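1. Mind folding the following:
(2 chains)
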Protein chains: 2
Amino acid sequence: MKRIESPQNALVKHWKKLVTTRKERDKSEEFLVEGFHLVEEALKHEGIVLTLMVREGIELPAHWSTENVHIVEINNAVAKEISETEHTQGVYAHCRQPQHAEEEVVSWKKLLLVDAVQDPGNIGTMIRTADAAGMDAVILGKGSADPYNPKTVRSAQGSHFNIPVVKGDLFERVSQLKTAGIRVLGTGLQNAVNHFEVEPQAEFAVIVGNEGSGVDPGLLEIADETVKIPMYGKAESLNVAVATGILLYAYSKN
Amino acid sequence: MKRIESPQNALVKHWKKLVTTRKERDKSEEFLVEGFHLVEEALKHEGIVLTLMVREGIELPAHWSTENVHIVEINNAVAKEISETEHTQGVYAHCRQPQHAEEEVVSWKKLLLVDAVQDPGNIGTMIRTADAAGMDAVILGKGSADPYNPKTVRSAQGSHFNIPVVKGDLFERVSQLKTAGIRVLGTGLQNAVNHFEVEPQAEFAVIVGNEGSGVDPGLLEIADETVKIPMYGKAESLNVAVATGILLYAYSKN
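-> Residues are numbered from 1 along each chain as shown, chains lettered A, B, ... in the order given. So this is what the prediction gives:
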């Protein structure tokens, strides 16, 4: 087994940059996952894991299939260097970002469209929620946090490997969905109907928006309808990931 | 206006401890809020704000009613000392934790019961969600994060001032609810029905549980029914705050 002991090693520097900078992730179309649960999820999907990094002394679970995976042993110094958490489990996977061809993208019929949601934890929770609700994919528009930010990856709990997550132009995507006859529901307060008044349909897209300013009014204009979640108490709004869960489960019940 | 310039001042030490230690918050039944939005929310409720702390040079919004509030000017050093965030807005309120007499507690008919949810951000988001859904109160059982942790307060976005949040013994509370004829729904996977198969009732309680282990089986045993949110995709579970939103909105629709 190959062994790396220096934090100055070029590969270690690349891994660290994958953890700390979006630029490195965007350029290489790669990312890093950390911890037993996420690494196990990554390993279940062929072609995702480029390298498995294991700190010396750590034993890998016997049920992991690692035959086709390149494994590198690292020492404590390297493990600390590439870790995003305070108490690292010492197991990491250097992964490819899954790619999706345009013909696949246009085949999706149940979509979560995310307009400029900035908190990486919110984005991760929304990816996990869209997976749970059986959506076909998540499309992240301009201004959204990087889906491969370590915080996003951690809060998505492995759903990155279950559901496609792609960046895209939401205006183009909404137009394409409408041409395909798929209903697009925006979320907002003006000219909005209560979310439960809209009957579920098998194919639909929901647009959720920025934590402070909501969905771009231009997007709401081209959406088929604007829905709102009623506030029965005194709160002004819901967390965007919670709102996403309420909406997706209201519409994917059938 | 009184002015405090030394981080060594006894009051400053108390404020800092309110930010950093649960023990200080529990003992004093006080907490600190930071930032314009939260301080404004606190000021709207009589008897909550003990002292308003304002960094020198900061102008308070004209619409704030601060006649009956004790205001202290602080310098930058003190502001930094008591701040929980990197870029502080320089406005803080030293607050009383709202208290609720037992006769008020037993009058609540729509309750969110929280069993050992550990993440402060999750607890805050759940308080905000329970407020939005029009619940009467949130009861936090043993093992749950402190509702007055600064992270909890921040993610609740002011809902602490809109809805009672109390600590309590969930076993006692469930027994009391059942005696009062109020339906108690646990959440879990075993012997569970899909959440949307349970008809909404005007009075109800929902128990949600720990991020890893879920609701205590003993509590599920005494609950009237166990419900689950179906997983339509490949995710194993939902974030507990998202699950709370889906359940509360499914049952509080009427």
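2. Quick one: name the residues of chain A near chain B.
-> Chain A has residues A:121, A:125, A:128-135, A:155, A:157-159, A:162-163, A:196, A:229, A:231-239, A:241-246, A:249-250, A:252-253 near chain B, with proximity defined as Cβ under 8 Å from any Cβ of the partner chain. Heads up, the C-betas are built off the backbone N, CA and C, glycines and all.
3. switch the cut-off to 7 Å
-> Within reach of chain B by Cβ under 7 Å from any Cβ of the partner chain, chain A has these residues: A:125, A:128-129, A:131-134, A:159, A:162-163, A:196, A:229, A:231-235, A:238-239, A:241-242, A:245-246, A:249, A:252-253.
4. Quick one: buried ones out of these?
-> Among the residues of chain A next to chain B, the ones that count as buried by 16 or more other Cβ atoms under 10 Å in any protein chain shown are A:125, A:128-129, A:131-134, A:159, A:162-163, A:196, A:229, A:232-233, A:235, A:238-239, A:241-242, A:245-246, A:249, A:252.
5. Just those: which are in strands?
-> The members of those all map outside strands under DSSP state E.
6. now stretch A:126-135, how far from the centre of its chain.
-> Between the centre of stretch A:126-135 and the centre of its chain there are 9 Å (Cα atoms, centre = their mean, to the nearest Å).
7. got the contact list for that stretch?
-> Here stretch A:126-135 makes contact (Cβ atoms under 7 Å, 6 or more residues apart in numbering or on different chains) with A:110-112, A:114, A:138, A:147, A:155-157, A:159-160, A:162-163, A:165, A:241, A:244-245, A:248-249, A:252, B:231-235, B:238-239, B:242.
8. Let's see which of these end up in helices.
-> Cross-referencing those against helices under DSSP state H gives A:155-156, A:241, A:244-245, A:248-249, B:242.
9. Out of those residues, flag the one nearest to A:Thr20.
-> The closest of these to A:Thr20 turns out to be A:Ser155 (Cβ to Cβ; 17.7 Å).
10. any idea how far that closest one is from A:Gly245?
-> Separation of A:Ser155 from A:Gly245 (Cβ to Cβ, to the nearest Å) stands at 13 Å.
11. who's in contact with A:Ser83?
-> A:Glu34.
12. let me redo that: A:Glu40
-> Contact analysis of A:Glu40 by Cβ under 7 Å, 6+ apart lists A:Trp64.
13. What helix or strand is it located in?
-> Per DSSP states H and E, A:Glu40 falls inside helix A:36-43.
14. What count of nearby residues applies to the closest residue to A:Gly158 other than its chain neighbours?
-> Excluding the flanking residues, the one nearest A:Gly158 by Cβ to Cβ, 6 or more residues apart in numbering or on different chains is A:Glu41, at 3.3 Å. Using other Cβ atoms under 10 Å in any protein chain shown, A:Glu41 has 22 neighbouring residues.
15. correct me, but A:Glu41 touches A:Ala156?
-> No. Look at A:Glu41 against A:Ala156 with Cβ atoms under 7 Å: they stay out of range, at 9.7 Å.
16. Would you format the ones in helices among the contacts of stretch A:126-135 as CSV with distance to A:Val78 and pLDDT included?
-> Output for the ones in helices among the contacts of stretch A:126-135, formatted as CSV (distance: Cβ to Cβ, whole Å; pLDDT from 0 to 100):
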residue, distance to A:Val78, pLDDT
A:Ser155, 25, 96
A:Ala156, 25, 98
A:Ala241, 34, 98
A:Thr244, 37, 98
A:Gly245, 38, 98
A:Leu248, 40, 98
A:Tyr249, 43, 97
B:Val242, 36, 98
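17. And the residue of the stretch 151-254 of chain A closest to chain B?
-> A:Tyr232 (2.8 Å; Cβ to the nearest Cβ).
18. Now do the contacts for that residue.
-> Neighbour list for A:Tyr232: B:132-134, B:252 [criterion: Cβ under 7 Å, 6+ apart].
19. Pick the one among the residues you listed closest to chain A.
-> B:Gly134 (2.8 Å).
20. Let me know the pLDDT of the nearest residue to the closest one once chain neighbours are set aside.
-> Distances taken as Cβ to Cβ, 6+ apart place A:Tyr232 nearest to B:Gly134, at 2.8 Å, with adjacent residues excluded. Per-residue pLDDT puts A:Tyr232 at 97.
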